[in-house]
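Asker: Got a sequence here, can you model it:
(2 chains)
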Amino acid sequence: MSQPIIEINNISKKYRIAHQQEKYVTLRDILTNVIRKPFRFIRSKVSKNVAKEDFWALKDISFTVDKGEAMGIIGPNGAGKTTLLKILSRITPPTAGKIKLRGRTASLLEVGTGFHPELTGRENIFLNGAILGMSKTEIKKKFDEIVSFSGIKKFLDTPVKRYSSGMFVRLAFSVAAHLEPEILLIDEVLAVGDAEFQKKCLGKMDDITKKSGRTILFVSHNMAAVQNLCNRCIFLDQGRIKMIGETRKVIEKYLSTSSVGASKRILKDYKQDNSRIKILSIELKNGIQNKFCVSWAQPIEMIIEIEVKERVKQVSFAVGVSTIENVPVFTVHHNDHGERLWNLDKGRYRIRVSIDNLLRAGLYNITLGAHSLTRKNILCYLPKVAQLEVSDITINGKKYLYQNPGLINIRATWALI
Amino acid sequence: MRQLTIIKPRKGLSTLSLKEIWNYKGLLYFFTWRDLKVRYKQTAIGILWALFQPFIAMIVFSIFFGGLAKMPSDNIPYPIFVYVGLLFWQFFSVSLSQASSSLVNNKEIITKVYFPRLILPISSILTNFIDFLIASSILIGLMFYYHYVPNLAGLIILPLLLLITFLIAIGLGLFLAAVNVKYRDVRYALPFFIQMMLFVTPVIYPTSILKSYSWILALNPMTGVIETARAAVFGNAHINWDLLLISGVICLLLFIFGLIYFRKTEGYFADVI
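Answerer: Purely as a prediction, here's the structure:
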């Protein structure tokens, strides 16, 4: 038992990326070439005039994982997280290095791998289970459990092609959640599915590690999930390990380096023909992993770019936030505390707004609006211009209080008198 | 029981682990089962298509080649003569084309899960074997109709013929499937190749029409299979053992070649597919 269950030694993976040298040739040139030098033409098509460059997706990765540990792997896109999982699950071989896996391994790089749309839910449970590495008897044994976990018993004999995407994901997850390998490799699969079901799956996975002593390697962009599930974590960047250690510290390091940055939504398709003021883009300055996602512990800092089509006077600008169920949580106007109203000439402007964040973790809709006090008319009103995610991840040591239900976080002063 | 897996870079030919394939027999079963299930889903007559296709082909060939073109058939009624050829030919050609596209068609699975890739082409051929068995029932009907009693010694050789057909299809299929991963040209070249092959295989004619040049046909391993099958089923001629031996040797060479090529390229399927 003293030996680690996963032992990774100096793993590297090289890809060759081709840079096709674009040459514009006419069809006539091609045809004469084919006729005059047919073999050279074929050979050139197959190999030549392509400049190849080596790209190291992973470089000298070494670490070990002990039995019963849940190890998180985080990092920006293209850091090599998925490549690492693909090597561990033997889908692709490494270019150098050696890995020892001491146990039955299953990988979950995608939910519903091999699901066939023509087959029924029942048939797909068997097929998918077999693809994920379960034996027929094992699937039979767990069949009822899988079905009740998925909650789609009624549609078990319906072809999967008639399922809604939600049902599909539920069924696929349920099969995956009942895998019982000694080592489980999971890639970003929780990005789909509704929030409640995601929680159920995370709970199930947590059970797997804590109760049954299984080992999990978990790649995710969902910091909260990583934090909940994993005790140790690896921060990968450009194919190298930047940091390895306690999850909380690694996530903080990751967030403090490159990951918090602007996330811009350009409102190209949003219908706003009648507006006198047009919103061009809305940008979250402190988005986590450059997504429209902010930590609950940080203010919402936005830059809104607008285009004024004709001169407007005495403008008041407003931002509103409502829940996904359309319950308004708050609205703020730029002149709430007697600030000067804006007189805007035709042209483009940028508005910066920083909003105190009391929101509980979850998804919210942002509404933007502006009205003129002189003419008492609305210049623009744009409900749901962007969806804001408030994440429950810990930043600078402040712990999110999961036990408090409600819409907002608020501080209170208590005393026993 | 602790299972130890060692992952290393692939260098050259790694030894083929039969044990590993055996461990994945469940998956082989499920892939075959899936292909069978899916093949005739949402069709009105379902598996009867496996009967219809060779049956209609037999009728059309009998009318045009047997009836109108007066193709010789070694004194055997043309429908039953051509049906034996068609039966093996269909098994071979459909197996080959499905094995060749088996990897590309299961791209999503290959890039997401590990299993011995050999399973995919093998299962696609097993699926066709079921069709072969179903279509064979027509042959039995035809033999009753034309009062042919199969020669018993001949029937014993049928499994060998099936094995040879399987090895030719899997040998070529493994090679083409691996090539198809990188160059999708296979998708266009193969149907044409199979169509041409039909004419250099004695399906609609007997080898005897080539007179002294019939040895050329022997280089095509399917020739030995189909000629032997006819001799075995009708019992009107002796089995040409030389011909069968040539088929056997060629099929083994094809199989070894296909297997080696497949194993050599296998590791990188997920990267280039």
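
Asker: B:L176 and B:R184 touch, don't they?
Answerer: No: contact criterion C-beta atoms under 8 Å: B:L176 and B:R184 do not qualify, at 11.3 Å. To be clear about C-beta, it is placed using only N, CA and C from the backbone, and glycine gets the same treatment.

Asker: Look at those two and report which has more neighbours.
Answerer: B:L176 (26 against 12; other C-beta atoms under 10 Å in any protein chain shown).

Asker: Sticking with the closest residue to the more buried one other than its chain neighbours, tell me its helix or strand.
Answerer: Distances taken as C-beta to C-beta, 6 or more residues apart in numbering or on different chains place B:S100 nearest to B:L176, at 3.9 Å, with adjacent residues excluded. B:S100 is located in helix B:78-105, with elements delineated by DSSP states H and E.

Asker: Just the mean pLDDT for that helix, thanks.
Answerer: For helix B:78-105, mean pLDDT is 92.

Asker: Mind exporting the C-alpha coordinates of the helix or strand following that helix to CSV?
Answerer: Of the helices and strands lying after helix B:78-105 in sequence (DSSP H and E), the nearest is helix B:107-110. The C-alpha coordinates for helix B:107-110 follow below in CSV (Å, rounded to 0.1, in the frame of the first residue of the first chain):
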residue,chain,number,x,y,z
LYS,B,107,-14.1,8.2,-34.4
GLU,B,108,-15.8,9.7,-31.4
ILE,B,109,-15.2,6.5,-29.4
ILE,B,110,-11.6,6.2,-30.5
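
Asker: Can you give me the buried ones in helix B:107-110?
Answerer: For helix B:107-110, a neighbour-count test (16 or more other C-beta atoms under 10 Å in any protein chain shown) marks B:I109, B:I110 as buried.

Asker: Give me the residues contacting that helix.
Answerer: With contact meaning C-beta atoms under 8 Å, 6 or more residues apart in numbering or on different chains, helix B:107-110 is reached by A:I91, A:E110, A:T113, A:G114, A:I131, B:L103, B:R117, B:L120, B:F269, B:A270, B:I273.

Asker: Write a PyMOL command that selects only the buried members of these.
Answerer: Applied in PyMOL, the following selects the buried portion of those according to 16+ other C-beta under 10 Å:
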select buried, (chain A and resi 91+110+113+114+131) or (chain B and resi 103+117+120+269+270)
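
Asker: Can you add secondary structure and give the contacts of helix B:107-110 back as JSON lines?
Answerer: Below are the contacts of helix B:107-110 laid out as JSON lines (DSSP: H, G, I helix; E, B strand; the rest coil):
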{"residue": "A:I91", "secondary structure": "coil"}
{"residue": "A:E110", "secondary structure": "coil"}
{"residue": "A:T113", "secondary structure": "coil"}
{"residue": "A:G114", "secondary structure": "coil"}
{"residue": "A:I131", "secondary structure": "helix"}
{"residue": "B:L103", "secondary structure": "helix"}
{"residue": "B:R117", "secondary structure": "coil"}
{"residue": "B:L120", "secondary structure": "helix"}
{"residue": "B:F269", "secondary structure": "helix"}
{"residue": "B:A270", "secondary structure": "helix"}
{"residue": "B:I273", "secondary structure": "coil"}
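
Asker: Reformat the contacts of helix B:107-110 as TSV; add distance to A:I186.
Answerer: Formatted as TSV, the contacts of helix B:107-110 follow (distance: C-beta to C-beta, whole Å):
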residue	distance to A:I186
A:I91	14
A:E110	10
A:T113	12
A:G114	17
A:I131	16
B:L103	25
B:R117	23
B:L120	25
B:F269	23
B:A270	18
B:I273	23
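
Asker: By pLDDT, rank the contacts of helix B:107-110 and give me the bottom one.
Answerer: B:I273 (77).

Asker: Next one: it from A:H334, what distance?
Answerer: 55 Å (C-beta to C-beta, to the nearest Å).

Asker: Name the nearest residue to B:R184, sequence neighbours excluded.
Answerer: B:V104 (7.3 Å).

Asker: right, and the one you found touches B:K182 too?
Answerer: No: with contact defined as C-beta under 8 Å, B:V104 does not count as touching B:K182 (10.2 Å).

Asker: Neighbour count for these two, which is higher?
Answerer: B:V104 (17 against 14).

Asker: Just the strands from the stretch 1-150 of chain B, written as ranges.
Answerer: Counting by DSSP state E, counting those that start in this stretch, residue ranges of the strands within the stretch 1-150 of chain B are B:4-7.

Asker: now swap in the stretch 201-350 of chain A and tell me
Answerer: A:215-219, A:232-237, A:240-246, A:261-266, A:277-287, A:293-295, A:300-308, A:312-323, A:328-333, A:342-344, A:347-355.

Asker: which other helices and strands contact the first one?
Answerer: Counting by 3 or more C-beta pairs under 8 Å, 6 or more residues apart in numbering or on different chains; DSSP states H and E, the packing neighbours recorded for strand A:215-219 are strand A:70-74, helix A:81-88, strand A:183-187, helix A:195-212, helix A:223-229.
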